[in-house]
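Visitor: Mind folding the following:
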Amino acid sequence: MSSIRVLIQEQTAGGFTEMRRSLGAKIFPPLLAGLWFFSVVQLPVDLLGQGNNVALYVHVVGVIIIGITGSAVAAWETTRARRTGVGELERSSAVPRSAVTLRVVAPVLAWAWLTYAAVQVAALVRSFSVRVNWPSPTVIVLTLAFIAALVAWGALCGSFLPPPLAPFLAAGLAYLGAIVQSVYSYDANVARLFPVLQERWDPAMKPDVPRLVLVTAWLAILATILFIGAARDRQFLRWPTRWVPLLLLVVATAVPLLAQPVKAESFYGQSRDDRDPHQCRDATGGGQICLYEADASALPTFAAGYAIAFKAAGTLPTFPKTVAAGGLHGPAPVMAYENFERPDESRVAAAILDYTASPTYSDPQTCPSPPTSPLIGDDDWSHFFQALLRDRAGMPSGRQSAGSEVLLERLSKVEQTVQDRWLTQAIADYAACKAPSPPPT
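Guide: Below is the predicted model of the structure:
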């Protein structure tokens, strides 16, 4: 019995001691260093200032890298516990199998969660350096539940599979059976139950909170069932009042996810619209700027950019009366502004001018290729219109062909009212798939 007591003390030592002994203490800190570079230093600049998109980016990293690593480490720790005599401990003591298995697996889960939390916090801090925009907590909690399910799966594999193969099979089966299926959507049902959300939600979309809460509950219950299976706790299984509710809950959370039709662009995201909190602000020339509440601090910047663009192109009929985040409406024409990568006055003005100079074909079916003209060489007329308006606003017009440069030089000597008349007709001709007439001299 004394040897069993020693075994109990060694295998069920509490808290931080177990975390230091765990293989996770050797695996996750170096992994964190690599993820720090990949998820923080290499964080795409177009995500900065967008809390949800930063959380989604780290979510993918957390599930695929941290979750799969946690699965392999949990399998290894479980097989190590089997080899070092925890099975004997389970048979010879009153310690419940679930408690002993929890002592083995909990440090792995703790290391995985800490690694994810560190990467998520670091990525958000970098994002906040551009603009403070908090992510939805549902994305973070979903990631934690997904990682827990993968760690529990690893423990289950370690409990039943041969020790040399368990870590590799746990990681491989989890990756091929859940991650790959979800990422590449081989099976829509798998993608719903194990969502690896490679999406962007800001500013035109928002999280579908009820569905995210439901799938998080499903993953948490699944993790509990997998953990109980890994523990082989027969005492637990003798009481139907304990395991039957778990089965009912896992079915009750999975069935609505599988049965729900997809009506939106994303199963776990929703398009924003005028019903979402937003603010509008009057702009130069009777225009209007409308942004969602989370982005309202950028309204002065957008108003200043609108004023710059209005001075250069406000008299053209294609100039937008409303500049709004995707899903919001106002007086037509409405320009949907989607790119919130560090918005400043010049970027906003350039985007408005490019919108003004980019006509939509009236009938795309009858215009297989854009009309060209020897006047501008190989350039596209739409590109030339953009360059002209940017030049009028005092902005860099970009690289042009020799013909376009000559034409820009000619037009710069013509009064803006004359330019406007030609531009209005030229844009209309281009939209009708006709080559514009030569500009005035």
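Visitor: list the helices and strands whichever strand or helix holds Ala350 packs on?
Guide: Take DSSP states H and E as the rule and Ala350 turns out to sit in helix 345-356. Contacts defined by 3 or more Cβ pairs under 8 Å, 6 or more residues apart in numbering; DSSP states H and E place helix 345-356 against helix 299-313, strand 334-337, helix 381-392. Yep, even glycine has a C-beta here, placed from its N, CA and C like the rest.
Visitor: Tell me which of those approaches Val58 most closely.
Guide: In terms of Cβ to Cβ, the element of the helices and strands packed on helix 345-356 nearest to Val58 is strand 334-337, at 25.5 Å.
Visitor: now the closest residue to Leu226 other than its chain neighbours: how far from Ala254?
Guide: Nearest residue to Leu226 in three dimensions, chain neighbours excluded: Ala152, at 3.7 Å (Cβ to Cβ, 6 or more residues apart in numbering). In this view, Ala152 and Ala254 are 16 Å apart by Cβ to Cβ, to the nearest Å.
Visitor: Between these two, which has more neighbouring residues?
Guide: Ala152 (28 against 19; other Cβ atoms under 10 Å).
Visitor: Quick one: name whatever helix or strand follows the longest helix seen in the chain.
Guide: If you go by DSSP state H, the chain has its longest helix at helix 97-128. The helix or strand immediately downstream of helix 97-128 is helix 137-160, counting by DSSP H and E.
Visitor: average pLDDT for the helix or strand containing Val54?
Guide: Using DSSP H and E, Val54 sits within helix 51-61. Averaging pLDDT along helix 51-61 gives 91.
Visitor: Compute the inter-axis angle for it and helix 137-160.
Guide: Orientation of helix 51-61 against helix 137-160 (axes from the mean of the first three to the mean of the last three Cα atoms, to 10 degrees) gives an angle of 10 degrees.
Visitor: hang on, the earlier thing: format the helices and strands packed on helix 345-356 as CSV; extra columns: mean pLDDT.
Guide: Formatted as CSV, the helices and strands packed on helix 345-356 follow (pLDDT from 0 to 100):
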stretch, mean pLDDT
helix 299-313, 91
strand 334-337, 85
helix 381-392, 82
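Visitor: So which of these is nearest Leu219?
Guide: Closest approach to Leu219 among the helices and strands packed on helix 345-356 is made by strand 334-337 (34.5 Å; Cβ to Cβ).
Visitor: Please enumerate residues in contact with that closest one?
Guide: Strand 334-337 is contacted from outside by 204, 302, 320-327, 348, 351-352, 355, using Cβ atoms under 8 Å, 6 or more residues apart in numbering.
Visitor: which residues in the stretch 201-350 of the chain form helices?
Guide: Secondary structure of the stretch 201-350 of the chain (DSSP state H, counting those that start in this stretch): helices at 209-231, 234-237, 240-259, 299-313, 345-356.
Visitor: Would you mind giving these as TSV with distance to Gly62 added?
Guide: Formatted as TSV, the helices of the stretch 201-350 of the chain follow (distance: least, Cβ to Cβ, whole Å):
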stretch	distance to Gly62
helix 209-231	13
helix 234-237	30
helix 240-259	21
helix 299-313	33
helix 345-356	31
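Visitor: rewinding a little: in the helix holding Ala350, which residues are buried?
Guide: When burial is assessed from 16 or more other Cβ atoms under 10 Å, helix 345-356 yields the following buried residues: Glu345, Arg347, Val348, Ala349, Ala350, Ala351, Ile352, Leu353, Asp354, Tyr355, Thr356.
Visitor: again with stretch 208-216
Guide: Applying 16+ other Cβ under 10 Å to stretch 208-216 flags Asp208, Arg211, Leu212, Leu214, Val215, Thr216 as buried.
Visitor: So, low pLDDT: which residues of this protein?
Guide: Low-confidence segments of the chain (pLDDT under 70): 1-26, 84-100, 185-186, 233-242, 262-265, 339-342, 360-379, 398-403, 441.
Visitor: domains for the protein, by residue range?
Guide: By the record's domain assignment, the chain is partitioned as 2-271, 278-356, 364-431 (automatic domain parsing).
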